[in-house]
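**Student:** model the following, please.
(5 chains)
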Amino acid sequence: MRPLTNLVTAWESNKTFGENFSIMLRWKRSVYKLLWKHMLIYFLVYILLSIIDQFILHENGKRNFRAMAEHCSRYSGSINLMVMLGFFTSTAMQRLFSMQTTVPGTAKSITIFISSLKPDLLEGAMIIEQFARWQLLAWVLTFRLVCRPLRKIYPDLKSLEATGLLTPEERGIMEDPDQTKQSTPCVLVVFDWMLLLLKETFIQKRYFNESNYLKNVDTLMAFKKSCGNVIKFATQNISPALVQAVVLSVYCFGCITVMARMFSKEDAPISSAFISYVPVLPAMQFFIYFAWLCFGKAALDPFGDDEDDIDVPQMVKLHIENAERLKGLYGMHLEKVFPNLPQKHYNSAPV
Amino acid sequence: MRPLTNLVTAWESNKTFGENFSIMLRWKRSVYKLLWKHMLIYFLVYILLSIIDQFILHENGKRNFRAMAEHCSRYSGSINLMVMLGFFTSTAMQRLFSMQTTVPGTAKSITIFISSLKPDLLEGAMIIEQFARWQLLAWVLTFRLVCRPLRKIYPDLKSLEATGLLTPEERGIMEDPDQTKQSTPCVLVVFDWMLLLLKETFIQKRYFNESNYLKNVDTLMAFKKSCGNVIKFATQNISPALVQAVVLSVYCFGCITVMARMFSKEDAPISSAFISYVPVLPAMQFFIYFAWLCFGKAALDPFGDDEDDIDVPQMVKLHIENAERLKGLYGMHLEKVFPNLPQKHYNSAPV
Amino acid sequence: MRPLTNLVTAWESNKTFGENFSIMLRWKRSVYKLLWKHMLIYFLVYILLSIIDQFILHENGKRNFRAMAEHCSRYSGSINLMVMLGFFTSTAMQRLFSMQTTVPGTAKSITIFISSLKPDLLEGAMIIEQFARWQLLAWVLTFRLVCRPLRKIYPDLKSLEATGLLTPEERGIMEDPDQTKQSTPCVLVVFDWMLLLLKETFIQKRYFNESNYLKNVDTLMAFKKSCGNVIKFATQNISPALVQAVVLSVYCFGCITVMARMFSKEDAPISSAFISYVPVLPAMQFFIYFAWLCFGKAALDPFGDDEDDIDVPQMVKLHIENAERLKGLYGMHLEKVFPNLPQKHYNSAPV
Amino acid sequence: MRPLTNLVTAWESNKTFGENFSIMLRWKRSVYKLLWKHMLIYFLVYILLSIIDQFILHENGKRNFRAMAEHCSRYSGSINLMVMLGFFTSTAMQRLFSMQTTVPGTAKSITIFISSLKPDLLEGAMIIEQFARWQLLAWVLTFRLVCRPLRKIYPDLKSLEATGLLTPEERGIMEDPDQTKQSTPCVLVVFDWMLLLLKETFIQKRYFNESNYLKNVDTLMAFKKSCGNVIKFATQNISPALVQAVVLSVYCFGCITVMARMFSKEDAPISSAFISYVPVLPAMQFFIYFAWLCFGKAALDPFGDDEDDIDVPQMVKLHIENAERLKGLYGMHLEKVFPNLPQKHYNSAPV
Amino acid sequence: MRPLTNLVTAWESNKTFGENFSIMLRWKRSVYKLLWKHMLIYFLVYILLSIIDQFILHENGKRNFRAMAEHCSRYSGSINLMVMLGFFTSTAMQRLFSMQTTVPGTAKSITIFISSLKPDLLEGAMIIEQFARWQLLAWVLTFRLVCRPLRKIYPDLKSLEATGLLTPEERGIMEDPDQTKQSTPCVLVVFDWMLLLLKETFIQKRYFNESNYLKNVDTLMAFKKSCGNVIKFATQNISPALVQAVVLSVYCFGCITVMARMFSKEDAPISSAFISYVPVLPAMQFFIYFAWLCFGKAALDPFGDDEDDIDVPQMVKLHIENAERLKGLYGMHLEKVFPNLPQKHYNSAPV
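**Tutor:** Got it, this is the predicted structure:
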């Protein structure tokens, strides 16, 4: 339970009285952290322009400045980027959510493989060890392609060898141009090995039923398909030109609002000063847009190293631990865990 | 039928004449209950500001106040948060709906397990008892992670032991660092036990057909996958920064509208007083936004203890009762329920 | 073919020339029927207010009235409910469409059951009779929970007994607290009976292959799951508070527009009279909103007794007829239907 | 390849330089063809109103006309139908797309049936002939219900008999009230025949494995389910009242914009004449709305006889040809097609 | 790994500081590349119109010009195309994304076929060779129909023969009107051959279990279905009239904004010159619309030869290489790859 608790706590503290205020005041993983640099620059430029208008420009310059400011003000009112950003971010998020539920896991295929074997094989542990390691290897090689932090941890095959996911012999085969075509992605080589292992298990009659062979092939193909979907998610993503167009629009809008000003005709100095030097209202619209832009971009690349991204290196660790535990199941029996089970008197023979 | 009737009644009374009015006048689970505190503060602040303007400020202050108010009024007209809130809330809701249809249930895997066994095993009741209990345990341990009310009811393993979902022996194994790695989530330990039980059942030839073994493993894996999806729903949710950005926008909008005022130029005292002291119209837009914000946030965290949330502790109770009933099916025969079935004359042997 | 023709005709007449006009002029299942009461009240209030302004109020009252009217007019322009209603109605509709395609049907499980049996059982007709009746009973008990018209037809178990879906013996068992826990929903009791029947069929070796047993259990579980989804659709629906918020917003908007008026400054009496007494334009926006609200609400509760709703009692009738026909298939042979089939010369034995 | 080429060519010519212009200038299947009648009427009415204003009305009438025109103009600016039409059309399209991918096909069930039979049956061709014909018949009877052009081609059972999809004997059975309940849809009668044929095939041991029986029943049920979904798509569609509301809104908007005019205060006769007699700008918004309305309506009824609709009669032809070809596969052997296959030396016996 | 790296690199460089600026400055696959021609023309026309107004037109012409410009300006403000484009582009993208995940692959059916065969067949390599080649052929023939670049590479059957995907004998059969009906699409002929090959394999008892036959037929049918979906995606796409309507709307909007101008009443020559000759602000809205239009159109036709399109010829190459590698698996054994596997001591016999 511990490994998940901390993730959940973030949501937990929200439900007391005044929860909205506590949401607004958080700093960690907050929108402020995301925006503060841009906000600072925006405020500085806005105030600087106000100073130029009020203290530096003369009569003529002032008139031109104000004409420009009102021109910008009129346009900024007519540009509604929210619809664009809404579609952009919600499309990116729905794509992300549907990917999240189909992300490949190694547990299922390992469990099915273990359960398909005859229960009393001497060599069982060895082949499960191989199969589980290759599953993990395929998983890591897949996510290496889409996740930069993982690519930093495992820059090459040697680093995989160092963690024990790859044996020196296997690395040799992968890197030997006589045995492996160098244009073949490594992950496909690993899938071939797994298929060969499933075949060997079939030929050597290690499945308790020969129909288990195709069942394991099916499960492996499903795993391969979800690996392929992860790669497709990252490579056949929303076009970079679209991201560029959205980023550009938001920055243009920012430039326009930083210039836009509405000058009150009445003589109200305090209010005028407030409007000129506290650009809360013009900034607000821009930062709503900017924040949505950030969420959309984060949803496009969920395997990065931002705080909100999926922590792939941690997932690798969990998958390795998980595989370790599952491997233990082959040699284990319920009676060993619970020596006093009521049904043991009915068991046909000592195990 | 009774357990569901009360849930349905809420919807039932709507269809008479004047149904829209009856919807508007309900208090229980109503939008008023959700909003009244914020509404009260909003009205008080609005009226207070009107009083300050009219009775406290002098000529000069009044001019500044009015300039500010019109500035706010102009901006509040140009900020359209509805698109943002629409995308936010509908994304959150679609995520919730798709989760609702895939929420894990224990009935299917228990039924399949019971049906897979040979029908006349003396030890049948025992192993079904174990399997059903572990299923429930896995379900509770999963929802404990995402549902605060359940975490309050079952703060630790001891409380689970007290309800009989866990035996003292099992708790001992879970808490013994020699037998269980303490970093392993408890729910995975329970899944291991179930896999071992399925294996034992296979080895002891308790399935009526050996192919039932893998079928049960498959069903269990599907259950585990939906448990995993529930946890993913809660942990890989919409980013807190996005929620913060939306909350912040709505509150900012509220602050602006509470200050915004349009002053009529004509001399119409009753109308002016109405506009100054009955802020129904400026409040309306804000409360539409605020209500959508609440629905979006509620859809993000559907396992809380709000009136509209999914009542997980009640679901636990229903699952336990359900498992109890299903366990009874193993020893039961149709002839015992209906002694006078027409087909009994064809039955090959007395059961 | 006949049972469906009338449903389809509604769509058919649309495709001639002037189809749009024929759509606009229909009354049955029309938007006019939906709106006319509200429209009448709206027009009366609008005209009444215009009369008060023009003939009753004096100079001072007129000024106040006009100030209020323009205040409302300005606000009504800035409130855009369409985005909110668009998201509300399309979310409700997508939920409805996805439910429609997964609505449970009894035909599949009955057909699978019939096909799984050995073909020449003397008791075959009896057990098929039981299974089909219980399937129908489970279907009716499920929809009773979500569909008010069905609840009126079958208010209690006695009424089900009267239609022959339940035998007196079965009702006795359901109502006897010794045999059935009274907190158990009746529909689950029926599923238990079906599971027991499937088990009896297995034990008595009535399936032509023992693997058919688990296949039937699977089909039954899938049927149960879609029954559960129907109940979830009705009980874990969009929050009543959201419906209330939407209804409230639309009515508020209506109140504002009924008061809102733009007074032309020019002296154009005919035009002014038209604007004051023919509120077509201000009404239009309101009625677009109101109509979408109605569609959204209809999509939330599709099992009611509106003209557009799913006619559940009719579906019950069709399911019963259908089950009747399917039961006939067990004893039937293709040769009996078509005595002169070419392949009959190859048939191994007279049936 | 030919049958598809022409469909694809429409898309092909778009990718040369100036593709956007070539898209805009196409007439076939164009938006112009869709709109030109409405456009013509709109322009005539607009110009007529302008003539009335300028040449027929006197001082007083002109003032009233202009007051009305500006009133309309102000309202037309505040009515934004695009959001409504966007949701309407995209909901209708998503429903259509999801239907398109699940539209029933006869190829799969026929292929499975052929592959399930023992390979050397003398009567094989006959029963495949029956099964394939009934599949086609079920397909045609289903689409007859939803597709008007098909209903014109096959107005009754006699016309089906004429094309050879139905034998006279079968029609006799369908129309004989003693053998077939007249309230039963014909398509269900055909499904019953297919189920009986599958059963006969099972009893006569014509499957190479008895488990093929239930597999074929499953495939047939899946085909029946997608037939049912097609009927549901057409009958449980978006409510006619909603379509009516949308059509009405768009036409009202058209009436308002045809009246709406903004009169420039400056003295610019050429510009004024352009604005009065070339209503390109006011027409544009209306025709965007009108076009989207047409696309939404087309997506609701995709089986009509518009150019963009699915050509169901052509599909019938393709399905018949396809079934013809598949039937040939039963008696065919790879060696007959390719007499010189390398593996023939390993074949156990001449076929 | 290499084949995918380059695709991924595009995304990789984004995450350093100033990532937004690096996105904005990229040229390859950029929005600038997409827009620059239209942008140039737009700017030239805009400046030309400004020159005409300022230097060529006289008093009277200027008045008319300005009246027109303000008329356009007022309309351009009221036309909001973003909602339309948002729905258009997001509908097109969701359709594309759902197609991407279901795009047919040859690997699965080839792997299943290889795994279904008895492991020691002498003729194994030959039939796998045939099956894999026909799979590739079916894939290529399918994508030829929807992908123009592929149609250029393989304009006819001869070109397919040249690459070795088709033997001369096979081409002869396809082109011989006596053996193949010329109206039958070639891809269906190939599917027939594969079905015949699966049947021959069954008759000659080359599957290790006879149930593998139907399993392979199923897998092949699933492959055929996804081929069919690809063709449906291209032929039953969003109506050309809709694309035309959207393109037309965006160009009309462009024409209006290029004419629209707001003239400041104040005397501010620098600002006026800026507004007249640097049309950044009016252009911005137009180019946001234009960019979204491009993305929507690109999503409609993802198999073209744009930079962002799916590179189908490259996919053909990968599928061919992949099939080559998979074919090698049949004759290969794990022991040959890894001579020192620990489990080899348990292997029953030398392979």
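**Student:** and A:Lys57, how many neighbours does it have?
**Tutor:** If you look again at residue A:57, you'll see it is Leu, not Lys. Counted by other CB atoms under 10 Å in any protein chain shown, the residues lying close to A:Leu57 total 15. Heads up, the C-betas are built off the backbone N, CA and C, glycines and all.
**Student:** that one is in contact with A:Phe65, isn't it?
**Tutor:** Yes. Using CB atoms under 8 Å, A:Leu57 is in contact with A:Phe65, at 5.7 Å.
**Student:** now whichever residue of chain A sits closest to chain E: which helix or strand?
**Tutor:** Using CB to the nearest CB, A:Ala67 is the residue of chain A that sits closest to chain E, at 3.6 Å. Take DSSP states H and E as the rule and A:Ala67 turns out to sit in helix A:59-78.
**Student:** mind checking what secondary structure A:Gly304 has?
**Tutor:** Put simply, A:Gly304 is coil when judged by DSSP: H, G, I helix; E, B strand; the rest coil.
**Student:** give me the phi and psi for it.
**Tutor:** Torsion angles at A:Gly304 (phi, psi; degrees, to the nearest 10) stand at phi -80, psi -160.
**Student:** hang on, it packs against A:Pro149?
**Tutor:** Yes. Contact criterion CB under 8 Å: A:Gly304 and A:Pro149 qualify, at 7.1 Å.
**Student:** for the two, indicate the residue with more neighbours.
**Tutor:** Between A:Gly304 and A:Pro149, A:Gly304 has the larger neighbour count (other CB under 10 Å), namely 20 against 16.
**Student:** quick one: contacts for the more buried one?
**Tutor:** A:Cys147, A:Arg148, A:Pro149, A:Ala298, E:Lys15 (CB atoms under 8 Å, 6 or more residues apart in numbering or on different chains).
**Student:** kindly report the same for A:Arg29.
**Tutor:** A:Ala10, A:Glu307, A:Asp308, B:Ser239, B:Pro240, B:Ala241.
**Student:** just the buried ones from the residues you listed?
**Tutor:** A:Asp308, B:Ser239, B:Pro240, B:Ala241 (16 or more other CB atoms under 10 Å in any protein chain shown).
**Student:** now, the most widely separated pair of these?
**Tutor:** Pairwise distances across the buried ones among the contacts of A:Arg29 peak at 7.9 Å for A:Asp308 and B:Pro240 (criterion: CB to CB).
**Student:** from the centroid of chain A, which residue is nearest?
**Tutor:** Closest to where the C-alpha atoms of chain A average out (CA atoms, centre = their mean) is A:Pro302, at 2.4 Å.
**Student:** can you give me phi and psi for that one?
**Tutor:** phi -80, psi 0.
**Student:** one more: A:Tyr207?
**Tutor:** With angles defined as degrees, to the nearest 10, A:Tyr207 sits at phi -80, psi 150.
**Student:** is it true that it touches A:Pro119?
**Tutor:** No. Between A:Tyr207 and A:Pro119 there is no contact under CB under 8 Å: 11.3 Å.
**Student:** okay, these two: which has more neighbours?
**Tutor:** Remark: of A:Tyr207 and A:Pro119, A:Tyr207 carries more neighbours, 19 against 16, as counted by other CB under 10 Å.
**Student:** residues in contact with that one?
**Tutor:** Counting by CB under 8 Å, 6+ apart, A:Tyr207 has contacts A:Ser116, A:Leu117, A:Lys118, A:Thr201, A:Tyr213, A:Asn216.
**Student:** and the residue of chain A most remote from its centre, how far from A:Phe65?
**Tutor:** The centre of chain A is farthest from one residue, A:Glu59, which by CA atoms, centre = their mean lies 55.0 Å away. A:Glu59 sits 11 Å away from A:Phe65, going by CB to CB, to the nearest Å.
**Student:** longest helix in chain A, please.
**Tutor:** Ranked by residue count under DSSP state H, the longest helix found in chain A is helix A:211-235.
**Student:** now the element after that one, going C-ward?
**Tutor:** Using DSSP H and E, the next helix or strand after helix A:211-235 towards the C-terminus is helix A:240-259.
**Student:** is the helix or strand just after that following helix in proximity to chain B?
**Tutor:** Per DSSP H and E, the first helix or strand lying C-terminal to helix A:240-259 is helix A:269-277. Yes. Using CB under 8 Å from any CB of the partner chain, helix A:269-277 reaches chain B at A:Pro269, A:Ile270, A:Ser271, A:Ser272, A:Phe274, A:Ile275.
**Student:** so which of the residues you listed is the closest to chain D?
**Tutor:** A:Ile275 (27.9 Å).
**Student:** make sure the closest one is actually in contact with A:Arg261.
**Tutor:** Yes. Counting by CB under 8 Å, A:Ile275 touches A:Arg261, with 7.4 Å between them.
**Student:** flag the shaky bits of chain A, pLDDT-wise.
**Tutor:** For chain A, the stretches with pLDDT under 70 are A:1-20, A:264-266, A:349-351.
**Student:** let me see the domain layout of it.
**Tutor:** Under the assignment automatic domain parsing, the domains of chain A span A:30-100+A:238-300, A:105-237+A:310-330.
**Student:** how long is the last one end to end?
**Tutor:** When you say that, I think you mean domain A:105-237+A:310-330. 19 Å (CA to CA, to the nearest Å).
**Student:** what's near enough to touch A:Lys152?
**Tutor:** Residues counted as contacts of A:Lys152 (CB under 8 Å, 6+ apart): none.
**Student:** name the SS class of it, please.
**Tutor:** helix.
**Student:** would you quantify the distance from it to A:Leu137?
**Tutor:** Noted for A:Lys152: a distance of 18 Å to A:Leu137, by CB to CB.
**Student:** same question, A:Leu166
**Tutor:** A:Leu166 is 6 Å from A:Leu137, by CB to CB.
**Student:** now A:Glu213, nearest residue through space, not along the chain?
**Tutor:** I think there's a mix-up here, since residue A:213 is Tyr and not Glu. A:Phe202 (4.1 Å; CB to CB, 6 or more residues apart in numbering or on different chains).
**Student:** tell me which element the one you found falls in.
**Tutor:** Here A:Phe202 sits within helix A:186-203, counting by DSSP H and E.
**Student:** pull out the buried members of the contacts of A:Tyr207.
**Tutor:** Using 16+ other CB under 10 Å as the burial test, the contacts of A:Tyr207 include A:Ser116, A:Leu117, A:Thr201, A:Tyr213, A:Asn216 as buried.
**Student:** right, and the third one touches A:Ile127 too?
**Tutor:** Yes. Distance between A:Thr201 and A:Ile127: 6.4 Å, which falls inside the contact criterion (CB under 8 Å).
**Student:** so for A:Leu166 and A:Leu137, which sits in the more crowded spot?
**Tutor:** A:Leu166 (25 against 22).
**Student:** now do the contacts for that one.
**Tutor:** Here A:Leu166 is in contact with A:Leu137, A:Leu157, A:Leu160, A:Met174 (criterion: CB under 8 Å, 6+ apart).
**Student:** and the second one, how many neighbours?
**Tutor:** In this case it means A:Leu157. 18.
**Student:** quick check: it touching A:Glu175?
**Tutor:** Yes. A:Leu157 is in contact with A:Glu175 according to CB under 8 Å; the separation is 6.8 Å.
**Student:** look up phi and psi at the residue lying closest to A:Asn347 once chain neighbours are set aside.
**Tutor:** Nearest non-adjacent residue to A:Asn347, counting by CB to CB, 6+ apart: B:Gln204, 5.5 Å away. Main-chain dihedrals, B:Gln204, degrees, to the nearest 10: phi -80, psi 10.
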